[in-house]
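# Can you look at this prediction? I've put the sequence above it.
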Amino acid sequence: MKQESSSGRMLIVFTRNPVLGRVKTRLGAETGPETALRVYRMLRELTASVTEACSAERAAFYSDEIPDADCFLRGGTLAFLQEGSDLGERMLHAFETGFAGGFGHIALIGTDCPDLQTSILEQAFTELENHDAVLGPAKDGGFYLIGLNKSHPELFLDRSWSHSRVLQETIDRLNEYETTFGLLPELQDIDTLEDLRQSRLRSAEMMGSLSIIIPTFNEETGIARTLDTLLALTGRYDDVEIIVSDSGTDRTAEIVSAFPVTLCRSEKGRARQMNAGAKLARHHTLYFLHADTLPPERFVDDIVDAVGSGKEAGCFRMQFDDPHPIMTLFGWFTRVPLSICRGGDQSLFITKELFDALGGFDERMQVMEDIDIIERIERRGTFHILDNHVVTSARKYHKNGILRLQAIFGTIHLMYALGYDQESIIRYYQENIES
């Protein structure tokens, strides 16, 4: 273990590994395990964000295994496995681990409280400067935080948990052993559907719904593969729909009609087609995906988690289906938050509320409509680049030459930035790029 921080403070986060059917089981009994897992992932992301800003060494204690990457492992967080036969023994072990590492003020929290704030964590450590212990009362009769300046086995052993008198029994034991303590503001845990409905995550069920919109123009050679992949990735969700907005003249519409997806016909133009698909969308979040691009395996969860943590719009990083070193380099730059590194092939997720507020895609634009809407999103807030990658076809690079096509795309970005009209950009595109 690292030695004590300069503040002598350690913040312990107790977390379960997010596995379907093994988290938020009381909530899952009412909502289904998928929604329960979705809510738990949101809670973990919120807790990770709040705890990152706290002026204490952070230590994550995992229920089953320490993952290679996780929201709690950013920034050099310490990682341990929970040990003990019940919750009390596991908490006691965590505290004793921290005290053995030289920390003098330790607070322990779970990941059930969406209203937890960094200021409350700081208040907890201030209370530990003046008291032997601190408690954060939860509205269900338990506590969302317990803090100590030394080990107190009597608080954790030979008692039961998961009932409405946990907080009061803890206070009784503190008084019995003449241990002074401070109290933090009362907050709401999420354990049941009623808790969820009363919380800031009350729309979590709605947030899980996703409408995938694919604009197509003469994609008969590849659309079946794209739809097969998407249906395989989304099969376990009840609240995901796929809408194909077609404007072509080949067999794309006929092929799409054989799949359990929605097909709409639209005038040609990607902006028009995506707007047409969005008008049919039934769900809270829209996901615009090109027909020759495949999303990451967990893309539904990635998008739901992002929206649940307050991210209204964003995209994924991108890789090409060609391992050529230059293509790999081009893909690497899609993580960079600059306009020239963006493109529709990275896909786009956006809440329907924000999409409608922006007026959708600008149908006057035949090219650069993706950059235009991202710029409008950024004028209202933040555009987020998620860590996972979509994989897109390199077919245009093969037809037009890797370096040549990238230079052409760079020129188009420059023309757009300099204010060239659509007709000039379209003419340059058509004269130089073989589709």
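Structure received.
# Which helix or strand lies directly C-terminal to the helix or strand of the chain with the lowest mean pLDDT?
Lowest by mean pLDDT, DSSP states H and E among the helices and strands of the chain is helix 204-207, with a mean of 52. Once helix 204-207 ends, the next helix or strand along the chain (criterion: DSSP states H and E) is strand 210-216.
# C-alpha coordinates for that following strand, CSV please?
Taking C-alpha atoms only, strand 210-216 is exported to CSV below (Å, rounded to 0.1, in the frame of the first residue of the first chain):
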residue,chain,number,x,y,z
LEU,A,210,-32.3,3.9,-27.6
SER,A,211,-33.3,4.5,-31.2
ILE,A,212,-30.6,3.6,-33.7
ILE,A,213,-31.0,5.5,-37.0
ILE,A,214,-29.1,4.4,-40.1
PRO,A,215,-29.2,6.5,-43.3
THR,A,216,-28.6,4.4,-46.4
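# hmm, who's touching that strand?
223, 226, 230, 234, 237, 239-248, 252, 256, 266, 270, 273-274, 277-278, 281-291, 300, 303-304, 352 (Cβ atoms under 8 Å, 6 or more residues apart in numbering). For the C-beta atoms, the positions are set from N, CA and C on the backbone; glycine is no exception.
# hmm, which of those residues are the buried ones?
223, 226, 230, 234, 237, 239-248, 252, 256, 266, 270, 273-274, 277-278, 281, 283-291, 300, 303-304, 352 (16 or more other Cβ atoms under 10 Å).
# about what we covered before: show me the contacts of strand 210-216 that map onto helices.
223, 226, 230, 234, 252, 256, 270, 273-274, 277-278, 300, 303-304, 352 (DSSP state H).
# Out of the residues you listed, show me where the pLDDT dips lowest.
Among the ones in helices among the contacts of strand 210-216, residue 304 carries the weakest pLDDT, at 83.
# That one and residue 240, how far apart?
Look at residue 304 and residue 240: by Cβ to Cβ, to the nearest Å, they are 10 Å apart.
# go on, residue 53?
Residue 53 is 34 Å from residue 240, by Cβ to Cβ.
# Any stretches of the stretch 301-435 of the chain with poor pLDDT?
When residues are selected by pLDDT under 70, none of them lie in the stretch 301-435 of the chain.
# And the strands in it?
For the stretch 301-435 of the chain, the strands defined by DSSP state E, counting those that start in this stretch occupy 313-320, 348-351, 384-392.
# out of those, which comes closest to residue 363?
The closest of the strands of the stretch 301-435 of the chain to residue 363 is strand 348-351. By Cβ to Cβ, the value is 16.1 Å.
# Direction included, what does that closest one pair up with?
With DSSP bridges as the test, strand 348-351 is paired with strand 285-288 (antiparallel), strand 313-320 (antiparallel).
# buried sites along that strand?
Neighbour counts using 16+ other Cβ under 10 Å place 348, 349, 350, 351 of strand 348-351 among the buried residues.
# Can you add distance to residue 164 and give those residues back as a markdown table?
A markdown table is the format used below for the buried residues of strand 348-351 (distance: Cβ to Cβ, whole Å):
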| residue | distance to residue 164 |
| --- | --- |
| 348 | 46 |
| 349 | 40 |
| 350 | 42 |
| 351 | 37 |
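# chain center to stretch 57-73, what's the gap?
Centre-to-centre, stretch 57-73 and its host chain are 17 Å apart (Cα atoms, centre = their mean, to the nearest Å).
# avg pLDDT for that stretch?
95.
# Which residues in it does the neighbour count mark as buried?
Using 16+ other Cβ under 10 Å as the test for burial, stretch 57-73 gives 57, 58, 59, 60, 61, 62, 70, 71, 72, 73.
# correct me, but the last one touches residue 62?
No: Residue 73 sits out of contact with residue 62 when judged by Cβ atoms under 8 Å, with a separation of 9.8 Å.
# Give the residues shared as contacts by these two.
residue 79.
# tell me the secondary structure for the nearest residue to residue 145 once chain neighbours are set aside?
Spatially, and ignoring its direct neighbours in sequence, residue 145 is nearest to residue 136 (3.3 Å; Cβ to Cβ, 6 or more residues apart in numbering). Using DSSP: H, G, I helix; E, B strand; the rest coil, the structure places residue 136 in strand.
# these two touch, right, residue 136 and residue 187?
Yes: the pair residue 136 / residue 187 is scored as a contact, 6.6 Å apart, by Cβ under 8 Å.
# between those two, who's got more neighbours?
In this view residue 136 and residue 187 are compared by other Cβ atoms under 10 Å, and residue 136 has more residues nearby, 27 against 20.
# which residues does the more buried one contact?
109, 120, 124, 143, 144, 145, 146, 183, 184, 185, 186, 187.
# Pull out the buried members of those residues.
Taking 16+ other Cβ under 10 Å as the criterion, what is buried in those is 109, 120, 124, 143, 144, 145, 146, 184, 187.
# Name the nearest residue to the second one, ignoring sequence neighbours.
I take that to be residue 120. Using Cβ to Cβ, 6+ apart and skipping the chain neighbours, the partner closest in space to residue 120 is residue 184 (5.8 Å).
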